[in-house]
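*Asks:* Structure for the following, please:
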Amino acid sequence: MKRWLLFAVSCALHAAPAMGAPPPKMIYARPPLARIEPLDYPQFGLIDAELRNTVRRHGDRSVPNTFCAVGYRLDGGTLETVLIWDDAQWLIRWWGGDELATSEERYAVSASFSAVTDLRADVVEDARFPLGTRTVVRADAQALIADCRQNGRQYTVPPLPAKGEDDDF
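*Replies:* Presented below is the predicted three-dimensional model:
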């Protein structure tokens, strides 16, 4: 019985992915070197404000908006957080805020101006099609979304007040 139990545990451990395993290639030319926790880096510290301001600028303020965020260290040391905006069907590649954008919530708009891939219009079925700066292969986008769901953090922006005259967004 003990031998069978050890065998079963050994098989389960062998089949399970290793914790901290490097991320797959996904949408990148080269696989990211590692996943990062965005909140460990100052340029991503106001992620909640960035998400709220992105919804204020581009989204439907009357409903809750859901996001998944996952961070990566890319070749050359660049840090990037990918935001999957479920409600807008957008993939946002965010490199973080500058000094001003990390000091006050009202300046946290760098995600609003980051590169966006519209997951309804900017995906192709295979890489034989010319890929533009925002176009991605569907399977690569799906792999990124799956990686975010498994390793990222979920955020919900609650409904926001209607746009007022004093609203800068």
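*Asks:* biggest strand in this protein, by residue count?
*Replies:* Scanning the chain for the strand with the most residues, using DSSP state E, yields strand 65-73.
*Asks:* Name the residues that touch that one?
*Replies:* Around strand 65-73, the neighbours that count as contacts under CB atoms under 8 Å, 6 or more residues apart in numbering are 23, 28, 32-38, 41, 44, 47, 51, 55, 59, 79-88, 144-145, 147-149, 151-157. Where C-beta positions appear, they are placed from N, C-alpha and C, glycine not excepted.
*Asks:* From those, keep the buried residues only.
*Replies:* In terms of neighbour count (16 or more other CB atoms under 10 Å), the buried residues within the contacts of strand 65-73 are 23, 28, 32, 35-36, 38, 44, 47, 51, 55, 59, 79-85, 88, 144-145, 147-148, 152, 155, 157.
*Asks:* any idea how far stretch 134-154 is from the chain center?
*Replies:* Once both centres are worked out by CA atoms, centre = their mean, to the nearest Å, stretch 134-154 turns out to sit 8 Å from its chain's centre.
*Asks:* Rounded mean pLDDT for it, please.
*Replies:* Confidence for stretch 134-154, expressed as mean pLDDT, is 92.
*Asks:* Stretch 68-87 too?
*Replies:* Average pLDDT, stretch 68-87: 96.
*Asks:* Dump it to PDB, restricted to CA.
*Replies:* Output for stretch 68-87, consisting of C-alpha atoms alone and laid out as PDB, is shown next (Å, rounded to 0.1, in the frame of the first residue of the first chain):
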ATOM      1  CA  CYS A  68      -6.900  40.100 -15.300                       C
ATOM      2  CA  ALA A  69      -3.300  41.400 -14.800                       C
ATOM      3  CA  VAL A  70      -0.100  39.400 -15.200                       C
ATOM      4  CA  GLY A  71       3.400  40.800 -15.200                       C
ATOM      5  CA  TYR A  72       6.500  39.600 -17.100                       C
ATOM      6  CA  ARG A  73      10.200  40.300 -17.200                       C
ATOM      7  CA  LEU A  74      11.100  40.300 -20.900                       C
ATOM      8  CA  ASP A  75      14.400  39.800 -22.700                       C
ATOM      9  CA  GLY A  76      16.600  42.800 -21.900                       C
ATOM     10  CA  GLY A  77      15.100  43.300 -18.500                       C
ATOM     11  CA  THR A  78      12.000  45.200 -19.600                       C
ATOM     12  CA  LEU A  79       9.000  44.800 -17.300                       C
ATOM     13  CA  GLU A  80       5.500  44.600 -18.700                       C
ATOM     14  CA  THR A  81       2.100  44.000 -17.200                       C
ATOM     15  CA  VAL A  82      -0.600  42.700 -19.600                       C
ATOM     16  CA  LEU A  83      -4.100  43.700 -18.700                       C
ATOM     17  CA  ILE A  84      -6.900  41.500 -20.100                       C
ATOM     18  CA  TRP A  85     -10.000  43.700 -20.100                       C
ATOM     19  CA  ASP A  86     -12.900  41.200 -20.300                       C
ATOM     20  CA  ASP A  87     -15.700  43.700 -20.900                       C
END
